[in-house]
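Chemist: fold the following and give me the result.
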Amino acid sequence: MQPVMTIDEVHRFLETDFPQIHTDGRVFTVTEIAPGRASMRLDPSKRHLRPGGTVSGPALFALADVTAYVAVLAHIGPVALAVTTNLNINFLRLPKPRSTTCACTILKLGKRLAVIEAAIFQEDRSELVAHATATYSIPPR
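Modeler: Residues are numbered from 1 along each chain as shown. A predicted model of the protein is given here:
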């Protein structure tokens with residue numbers, strides 16, 4: 001399973017087709033695209049935080065969703081209408097208000113569906129803050 005898009009190509013696609021993810025400035029950054037994988041970093045702003053100094057659940061959910069979408073796009077090309085059909089997330093630990101990374105692995109990439117696993121962590125991969133699985137519908141070509 002080889003990627004067909006580079007990090008720069010994915011960034012350009014997101015900026016032109018999904019500029020709303022950068023409404024409050026660029027907080028999502030693609031950090032890796034590799035065979036069967038993609039990773040992104042969230043640099044949370046104040047709107048991504050909750051009282052008590054934690055990154056919000058909706059921010060972690062968005063990070064998982066956008067990273068899974070990037071993993072799919074990087075492997076099928078710029079298909080704007082590939083859509084989430086399911087995303088299940090488990091919050092494991094309170095994330096501190098700092099950079100958070102999501103690493104996605106494509107478990108299945110078929111003609112119509114893609115299934116992705118997402119690991120969300122801070123600092124090193126030894127301590128997950130959340131885990132998600134996502135299914136994307138791929139439109140017919």
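Chemist: can you tell me what sits against the helix or strand hosting K108?
Modeler: In the assignment (DSSP states H and E), K108 maps to strand 100-109. Identification of contacts with strand 100-109 by C-beta atoms under 8 Å, 6 or more residues apart in numbering yields 1, 31-32, 36-42, 44, 55, 59-60, 63-64, 67-68, 70-72, 75-76, 114-122, 125, 129. Where C-beta positions appear, they are placed from N, C-alpha and C, glycine not excepted.
Chemist: which is the next helix or strand following that strand?
Modeler: By DSSP H and E, the next helix or strand past strand 100-109 is strand 113-121.
Chemist: so what strands line up beside the next helix or strand along the chain from that following strand?
Modeler: Using DSSP H and E, the helix or strand that follows strand 113-121 towards the C-terminus is strand 128-137. Within its sheet, and counting by DSSP bridges, strand 128-137 is paired with strand 83-91 (antiparallel), strand 113-121 (antiparallel).
Chemist: buried residues in strand 128-137?
Modeler: 128-136 (16 or more other C-beta atoms under 10 Å).
Chemist: give me the residue ranges of this structure where confidence is low.
Modeler: 124 (pLDDT under 70).
Chemist: what about the longest helix in it?
Modeler: Assignment by DSSP state H gives helix 57-76 as the longest helix of the chain.
Chemist: for it, which positions count as buried?
Modeler: Quick answer for helix 57-76 (16+ other C-beta under 10 Å): 59-76.
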